[in-house]
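In: Sequence and predicted structure are below.
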Amino acid sequence: MKRAARLLTLVLAAASASTASAATEESQAWITEQAAIRIDPDTVMTLDSSQRARADAGSGGEQFLARIAIDHRIASAMQVGGGFAYLKSEVDQELRLFQQLTLTKGIWTSRTRMEQRFFDNADEASWRLRQRVQAAVPVDRAKRWTVIAAAEIFFHLNRARASDRTGLATMRHQIGVRHPIARAIDAQLLYMRQQNFRDGRPDAVSHIPWLTLSWRL
């Protein structure tokens, strides 16, 4: 329990530190359904879809995301993988290819993902690098309750559209719990603070409750 408290303190401190500049704020709500299918002892295919209710139509309004990924274990603590995704909002559509490297050690997971994003209102691909670090800490003796704390940063590597900015574009902080609700189904509920950095105007900060239901097949 002490480790979970320390993780919570670190995540909230990082989130508070990033609010030094003025920002506009909004509330969202996300729901994700996910299925993990084991193809062989070292390979897993993941299918997921997300519905994102967003009040700010100026940033794209409500979104739907569907994604498929395949990850293959090449060492005891290392996986490589990739896949594609489709995202639709009220203002545009996006096809996304991605490649990723995932490292695990104890309670820690690190994921590095490179994305190529193709928009229907852009002539070239937008390249984005994402780096995520997560800690998952069981807090009961049976290990049925797990505290999740994570941080992720997004870097835009080029400008595919006039509104894009290069460099650090988005920062996410998450805290929540995961608990099995059936033999092969887990429920995870997080609070996520997402900050989008914008040139020449206040940053956009979103406060997001995020429910994920995961099936292991």
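Out: That came through, no problem.
In: Nearest residue to the middle of the chain?
Out: Averaging the C-alpha coordinates of the chain gives a centre point, and the residue nearest to it by C-alpha atoms, centre = their mean is Glu152 (7.2 Å).
In: is it true that that residue touches Arg113?
Out: No. Here Glu152 does not reach Arg113: they are 9.3 Å apart, not a contact under C-beta atoms under 8 Å. (Glycine included, C-beta is placed from N, CA and C.)
In: what do those two both touch?
Out: 130-132 (C-beta atoms under 8 Å, 6 or more residues apart in numbering).
In: What subset of these is buried?
Out: Neighbour-count burial within the shared contacts of Glu152 and Arg113 applies to 130, 132; the criterion is 16 or more other C-beta atoms under 10 Å.
In: where in the chain is pLDDT low?
Out: 1-22, 56-60 (pLDDT under 70).
In: Report back the residue of it that's furthest from centre.
Out: In the chain, Arg141 marks the outermost C-alpha relative to the chain mean, sitting 28.4 Å out by C-alpha atoms, centre = their mean.
In: how much space between Phe155 and Phe84?
Out: Going from Phe155 to Phe84 by C-beta to C-beta, to the nearest Å gives 20 Å.
In: Sorry, wrong one. I was asking about Arg130.
Out: Distance, Arg130 to Phe84, by C-beta to C-beta: 15 Å.
In: Go through stretch 117-134 and flag the buried ones.
Out: Within stretch 117-134, the residues that qualify as buried are 117, 119, 122, 125-126, 128, 130, 132, 134, counting by 16+ other C-beta under 10 Å.
In: Compute the first-to-last residue distance for that stretch.
Out: Using C-alpha to C-alpha, to the nearest Å, the end-to-end distance of stretch 117-134 comes out at 24 Å.
In: What segments of this protein are strands?
Out: Residue ranges of the strands in the chain, as given by DSSP state E, are 23-40, 43-54, 63-75, 78-88, 93-105, 108-119, 126-138, 146-156, 167-182, 185-196, 203-216.
In: List the single closest residue to the residue nearest to the centre of the chain in space, sequence neighbours excluded.
Out: Closest residue to Glu152 in three dimensions, ignoring its sequence neighbours and counting by C-beta to C-beta, 6 or more residues apart in numbering: Arg132, at 4.0 Å.
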